[in-house]
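Asker: Based on what follows, work out the 3D shape:
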Amino acid sequence: MAEERTPIISGNWKMHKNHFEAIQAVQKLHYRLGEEEQEGVVVTVHPPFTDLRSVQTLIESDRMHIVLGAQNCFYENEGAFTGEVSPAMLAKLDVAYVILGHSERRQDFGETDEMVNRKVKAVLAHQMIPILCCGETLEEREAGQAESKVDTQIRAGLAGLKASQVAGLVIAYEPIWAIGTGRTATSEDAQAMCAHIRSIIADAASADAAAAVRIQYGGSVKPGNIAELMRMPDIDGALVGGASLEPDEFAAIVQFRQH
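Answerer: Residues are numbered from 1 along each chain as shown. A predicted model of the protein is given here:
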């Protein structure tokens, strides 16, 4: 892991926890992490939309060193889009990071690469940081198509961006076959794909952007495997699903240097 890239550990709660449960979880996480900022690690939590205001208020009132994130947004600022949430709305809640193009959004809700690209641009326009997700299915990996699938997703997601914008992004590599299955890519497998992603960015944007962009690994990340993953030179953090729902477990992941 390059020294100049600050690690980022993100908890994606998915569709879990009402706003009362969210408050309790963030309070417990704050207690487990301690009052001081985690040295050299950005910690983000991504609750459901209905929890955001409650968590925002808590983080601000208690001056927590936890950063608020969202799980998705639409690409328009306002309009007749029933059920959608705009980036302008998220920005007003001091959301700093937005997960975009998660495999569940792509597979279950039909999000295309073009839609994800529009969302990336919309989030950047409101001075928030996209966490752009990519990853292959088990079938694609077994067919030798993993690298080409990720290449397509990354290039499409970054289309039309300046190199300086790309440099500030977070890319999350999540092999779909490892999400919530208990199966984890080996640290070597994860490193190989994250290095491949960095080479794609060097080609699509610039070498400087590739050196600066932070790349997370996601897919059954747990306290037992985080330290090994974080030792890999091109892995700068983790996008954590199930384990982020338990404050003790998530805190142990954040404190990977103590393992």
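
Asker: Every contact and neighbour count from this point should use C-alpha atoms.
Answerer: Noted.

Asker: looking at this, Asp189 is in a helix?
Answerer: Yes - secondary structure assignment places Asp189 in a helix (DSSP: H, G, I helix; E, B strand; the rest coil).

Asker: burial of it, as a residue count?
Answerer: 11 (other C-alpha atoms under 10 Å).

Asker: In a strand, Val221, correct?
Answerer: No - checked against three-state DSSP, Val221 lies outside a strand; its state is coil.

Asker: any idea how far Ile131 is from it?
Answerer: 17 Å (C-alpha to C-alpha, to the nearest Å).

Asker: And for Lys149?
Answerer: Remark: distance between Lys149 and Ile131 (C-alpha to C-alpha) = 18 Å.

Asker: of the two, who's got more company?
Answerer: The residue with the greater number of neighbours, taking Lys149 and Ile131 and applying other C-alpha under 10 Å, is Ile131; the counts read 28 against 16.

Asker: Quick check: which ranges of the stretch 1-150 of the chain have low pLDDT?
Answerer: The model of the stretch 1-150 of the chain has pLDDT under 70 over residues 1-3, 36-37.

Asker: need the strands for it, in chain order.
Answerer: For the stretch 1-150 of the chain, the strands defined by DSSP state E, counting those that start in this stretch cover 8-12, 42-46, 67-70, 97-100, 129-134.

Asker: Could you list the buried residues of the fourth one?
Answerer: By neighbour count, with 16 or more other C-alpha atoms under 10 Å as the criterion, the buried positions of strand 97-100 are 97-100.

Asker: Show me the strands paired with that strand, marking each as parallel or antiparallel.
Answerer: Each strand paired with strand 97-100, and its direction, by DSSP bridges: strand 67-70 (parallel), strand 129-134 (parallel).

Asker: which outside residues touch the shortest one?
Answerer: Strand 67-70 has contacts (C-alpha atoms under 8 Å, 6 or more residues apart in numbering) with 42-49, 52, 55-56, 59, 90, 94-99.

Asker: Now do that strand: distance to the chain's middle.
Answerer: 10 Å (C-alpha atoms, centre = their mean, to the nearest Å).

Asker: same thing with stretch 90-102?
Answerer: In terms of C-alpha atoms, centre = their mean, the centre of stretch 90-102 is found 10 Å from the chain centre.

Asker: Stretch 242-259 too?
Answerer: On the basis of C-alpha atoms, centre = their mean, stretch 242-259 is displaced by 15 Å from the centre of the chain it belongs to.

Asker: Keeping just the C-alphas, turn that stretch into CSV.
Answerer: As requested, C-alpha coordinates have been extracted for stretch 242-259 and formatted as CSV (Å, rounded to 0.1, in the frame of the first residue of the first chain):
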residue,chain,number,x,y,z
GLY,A,242,-22.2,-8.0,6.5
ALA,A,243,-19.3,-7.5,8.9
SER,A,244,-20.0,-3.8,9.0
LEU,A,245,-23.4,-4.4,10.7
GLU,A,246,-21.7,-5.5,13.9
PRO,A,247,-19.8,-2.6,15.5
ASP,A,248,-17.3,-4.9,17.2
GLU,A,249,-16.5,-6.7,14.0
PHE,A,250,-16.3,-3.6,11.9
ALA,A,251,-14.0,-1.8,14.5
ALA,A,252,-11.7,-4.8,14.4
ILE,A,253,-11.5,-4.5,10.6
VAL,A,254,-10.8,-0.7,10.9
GLN,A,255,-8.0,-1.5,13.3
PHE,A,256,-6.3,-3.9,10.9
ARG,A,257,-2.8,-2.7,11.9
GLN,A,258,-3.3,-4.2,15.3
HIS,A,259,-3.8,-7.7,13.9
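
Asker: Tyr217 should be in a strand, yeah?
Answerer: Yes - the assignment for Tyr217 (three-state DSSP) places it in a strand.

Asker: Quick check: it vs Val254, distance?
Answerer: When distances are taken as C-alpha to C-alpha, Tyr217 and Val254 turn out to be 14 Å apart.
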